[in-house]
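[1] dropping the sequence and predicted coords here.
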Amino acid sequence: MNKVLVTGGAGFIGSHLVDALINHGYKVGIIDNLSTGLKTNLNPRAEFFERVDVRDKEKILEIFKKFLPEYVFHLAAQTRLRRSVENPVEDAQINIIGSLNVFNYAKEGGAKKIILFSSAGVYSSECNVPTAEIEEVKPFSPYGASKLAAEIYLRTSFFNSGLDSVILRPSNVYGPRQNSEGEAGVVAKFLGKEQPVIYGSGEHTRDYIYVKDVVSACLLAMQDDIKGIFNVGTGVETSANNLFQKICDIKGDMNVSRGPEVKEQARSALNSTKLRERGWKPEYSLEQGLRETVEWFRNH
């Protein structure tokens with residue numbers, strides 16, 4: 001049975017990936033320090049290396065020697081943009097040094113492929129929309145900078161090592177199990193708050209992709225012939241106002257308050273032609289994904 005190690009496997013996206021891998025017959029190990037991940041997200045059929053931080057070299061090495069995975073999905077990260085601005089050193093320690101620990105010991109442990117979960121935050125705000133992989137990478141936050149640094153280390157450090165790698169840059173992922181607290185995704189905030197807030201005009205756009213479509217891209221990335229950098233998005237722009245209305249159409253009318261204008265990108269969407277040419281496509285429309293997400297929030 002092929003073994004797969006997932007860092008961040010108790011988190012929102014990671015836990016969905018673990019479920020899919022197990023359903024496809026893989027033996028899965030999970031590394032998660034539970035700083036944002038939840039025990040309730042854990043699949044009981046996975047082997048859980050509890051409260052292990054990717055910055056802990058000794059423990060990470062011990063796990064790789066014990067578990068000996070063939071594939072490694074690296075999702076564990078500091079993902080809060082504002083926190084990265086407030087504490088860029090911590091952000092770098094987790095997203096750069098932590099990533100290097102995973103990369104180095106994956107190679108030492110005999111893994112054949114690493115799939116790194118990066119971010120659309122690596123792109124310049126001046127890129128064409130939808131944004132393709134060939135566009136300029138010029139992060140506007142420490143978080144984006146640390147994710148780009150991890151990409152560069154993965155591409156340069158292992159170019160001649162024989163270890164294959166794939167870098168996935170997702171757009172705005174939403175779905176069941178997403179936390180509505182802190183700097184959560186806007187869908188989770190709209191569904192998890194008694195009175196959600198739309199900032200500014202509400203006309204800024206994002207590319208919302210359902211978590212199950214992201215997982216299918218992850219599974220495709222395991223194939224031997226898939227290497228390099230790939231965007232994972234729908235290419236469709238949806239404004240905050242439009243998104244809120246779609247949720248109201250499903251859930252029923254909700255009260256919303258209006259907040260001040262905040263400094264953020266006016267438009268964002270990803271061109272995923274490169275991944276589509278390799279057989280992937282989003283299976284869920286925004287309405288379908290929102291229906292499943294609304295149902296989950298109703299029950300939890």
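    All right, it came through fine.

[2] CA only for contacts and neighbour counts going forward, please
    OK.

[3] mind listing the strands for the stretch 101-250 of the chain?
    In the stretch 101-250 of the chain, the segments counted as strands under DSSP state E, counting those that start in this stretch are 113-117, 164-170, 172-174, 197-199, 205-206, 208-210, 228-232, 238-239.

[4] reformat these as JSON lines; add mean pLDDT, mean neighbour count and distance to Val187.
    Formatted as JSON lines, those follow (pLDDT from 0 to 100; neighbours: other C-alpha atoms under 10 Å; distance: least, C-alpha to C-alpha, whole Å):
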{"stretch": "strand 113-117", "mean pLDDT": "96", "mean neighbour count": "24", "distance to Val187": "20"}
{"stretch": "strand 164-170", "mean pLDDT": "96", "mean neighbour count": "24", "distance to Val187": "16"}
{"stretch": "strand 172-174", "mean pLDDT": "96", "mean neighbour count": "23", "distance to Val187": "6"}
{"stretch": "strand 197-199", "mean pLDDT": "91", "mean neighbour count": "18", "distance to Val187": "11"}
{"stretch": "strand 205-206", "mean pLDDT": "96", "mean neighbour count": "20", "distance to Val187": "11"}
{"stretch": "strand 208-210", "mean pLDDT": "98", "mean neighbour count": "27", "distance to Val187": "9"}
{"stretch": "strand 228-232", "mean pLDDT": "97", "mean neighbour count": "23", "distance to Val187": "18"}
{"stretch": "strand 238-239", "mean pLDDT": "97", "mean neighbour count": "19", "distance to Val187": "12"}
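
[5] and these as a markdown table, adding distance to Ser125?
    Output for the strands of the stretch 101-250 of the chain, formatted as a markdown table (distance: least, C-alpha to C-alpha, whole Å):
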| stretch | distance to Ser125 |
| --- | --- |
| strand 113-117 | 20 |
| strand 164-170 | 15 |
| strand 172-174 | 15 |
| strand 197-199 | 19 |
| strand 205-206 | 13 |
| strand 208-210 | 17 |
| strand 228-232 | 16 |
| strand 238-239 | 17 |
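
[6] and Leu21, which of those is closest to it?
    Judged by C-alpha to C-alpha, the one of the strands of the stretch 101-250 of the chain that comes nearest to Leu21 is strand 113-117, at 13.7 Å.

[7] pull the CA atoms of the closest one into PDB?
    The C-alpha coordinates for strand 113-117 follow below in PDB (Å, rounded to 0.1, in the frame of the first residue of the first chain):
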ATOM      1  CA  LYS A 113       7.400  13.300  -4.800                       C
ATOM      2  CA  ILE A 114       6.500  16.500  -2.900                       C
ATOM      3  CA  ILE A 115       3.400  18.500  -3.600                       C
ATOM      4  CA  LEU A 116       3.600  21.900  -2.100                       C
ATOM      5  CA  PHE A 117       0.400  23.900  -1.400                       C
END
